[in-house]
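[1] need coordinates for the following:
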Amino acid sequence: MLGPTLLAVEHIGSTAIPGMAAKPIVDLMPLVTTLADLDRQRSRAEALGYQWHGELGIPGRRYCTLSKEGGVRIAQLHFFEAESPYVTRHLAFRDYMRSHPEAAKAYESEKRRAQKLHPNDSHAYTDEKSAWIRVVEADALIWFRQQQPAREIRSVPGAASRRTKPMISIRQATRADAFVFKAIRLRALQDTPLAFSATYAQESQFEDAEWVRRASGEQSILLLAMDDGVACGMAGALFKQDDPTHALLVSMWVAPTHRQQGIGRQLVQEVLASVRTRGIPVLDLMVTSGNRSAIAFYENLGFSLTGRTEPYPNDPALVEYEMSRPVD
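    The predicted structure is shown next:
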């Protein structure tokens, strides 16, 4: 029907998970070259009986439905460009459910609970189970990235193969990394809650659009440290609209498996380089008063306490110290 515009089709949703109780509606995710190419072929989809709904609340999607006589829906198409962050999100959740029977069983129980509460309201049903899905998605995304085979090298004859020392790359995130960022950010909030002013409880409830917005970097930059395709660290900078001479270092975190390897230092240096290219002369940060190791780490990187403090929003017994350093 779509010729070269169509790159692949993935089966998603509950009917794609073996043994999962599901409505008799098939969800398919066709991947296309561009949405512009797809839009030009809208009439072909409609000629086959599909109803075209446009984005319908999800940026970068084209949503179509197919119903049989009597208006009973039988299929839903969720078109995305192949590089859309929503593609990774759907595939990660599907594959995680397929590979983790206990999680799939828990998801089925959550679906039944939501259906019991909202038997006649599909929108309320979807909203009811969304909080559970958001939490599990974070684990699913981390697991999905880790499925790439570990790099191995051969040692001398007779010796076992071993994984190489991690080769870390640091790159600036884009909107395509939205759900990679979601996974590592939520993991960080669980691992070191006192290192952040936000909480896991707050951010695990964010809508997908918020993660896409954050990764897009409208008034910020976000850097990801990657080990063989798996995110193992992050850092970013916010640009202060009220003071163009200062940027704020934020979201600094390295996974426990990758600490003491210089990754944190690399991330900060890359943030400094990114801020420097924008002509901003000063980089600030806030650190909680109880985080002595972080204060020492930043002092070794040239930051100094300025004397300014703010209340720490998640614990009245703590305050946040401001630290600062020149970019050059």
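
[2] when you work out contacts or count neighbours from here on, use the C-alpha atoms and nothing else.
    Noted.

[3] so D37 versus W132, what's the distance?
    35 Å (Cα to Cα, to the nearest Å).

[4] ditto for D328
    Separation of D328 from W132 (Cα to Cα): 46 Å.

[5] who's more crowded, those two?
    W132 (16 against 12; other Cα atoms under 10 Å).

[6] okay, now the unreliable bits of this protein?
    For the chain, the stretches flagged by pLDDT under 70 are 148-166.

[7] who touches the longest helix along it?
    For the chain, the longest helix by residue count, based on DSSP state H, is helix 122-146. Residues outside helix 122-146 that contact it (Cα atoms under 8 Å, 6 or more residues apart in numbering): 88-89, 92-93, 95-96, 110-111, 114-115, 117-119, 179-180, 182-184, 186-187, 204-205, 229-231.

[8] filter these down to the buried ones.
    Taking 16 or more other Cα atoms under 10 Å as the criterion, what is buried in these is 88-89, 92-93, 95-96, 110-111, 114-115, 118, 179-180, 182-184, 186-187, 204, 230-231.

[9] so of those residues, which ones are in strands?
    Those of the buried ones among the contacts of helix 122-146 mapping onto strands are 230-231, per DSSP state E.

[10] what are the bridge partners for the nearest residue to L249 once chain neighbours are set aside, then?
    Among residues not flanking L249 along the chain, A237 sits closest, at 4.5 Å (Cα to Cα, 6 or more residues apart in numbering). Here A237 sits in beta bridges with I221, L249, as judged by DSSP bridges.

[11] list the contacts of the strand or helix carrying W211.
    Using DSSP states H and E, the element containing W211 is helix 208-216. Identification of contacts with helix 208-216 by Cα under 8 Å, 6+ apart yields 58-59, 85, 173-179, 181-182, 222.

[12] mind telling me the two of these farthest from one another?
    I58 and L222 (22.6 Å; Cα to Cα).

[13] look up how far Q41 lies from S251.
    In terms of Cα to Cα, S251 sits 42 Å off from Q41.

[14] V271: which element?
    Per DSSP H and E, V271 falls inside helix 263-277.

[15] F196 touches L189, doesn't it?
    Yes - F196 sits in contact with L189 when judged by Cα atoms under 8 Å, with a separation of 7.0 Å.

[16] tell me the buried residues in the longest helix of the chain?
    Buried, per 16+ other Cα under 10 Å, within helix 122-146: 125, 128-130, 132-145.

[17] ok, stretch 264-279 next?
    Buried residues in stretch 264-279, counting neighbours by 16+ other Cα under 10 Å, are found at 264, 266-268, 270-272, 274-276.

[18] which residues are in contact with whichever strand or helix holds C64?
    Assigned by DSSP H and E, C64 belongs to strand 61-67. If you take Cα under 8 Å, 6+ apart as the criterion, strand 61-67 is touched by 35, 49-56, 73-81.

[19] no more questions from me, cheers.
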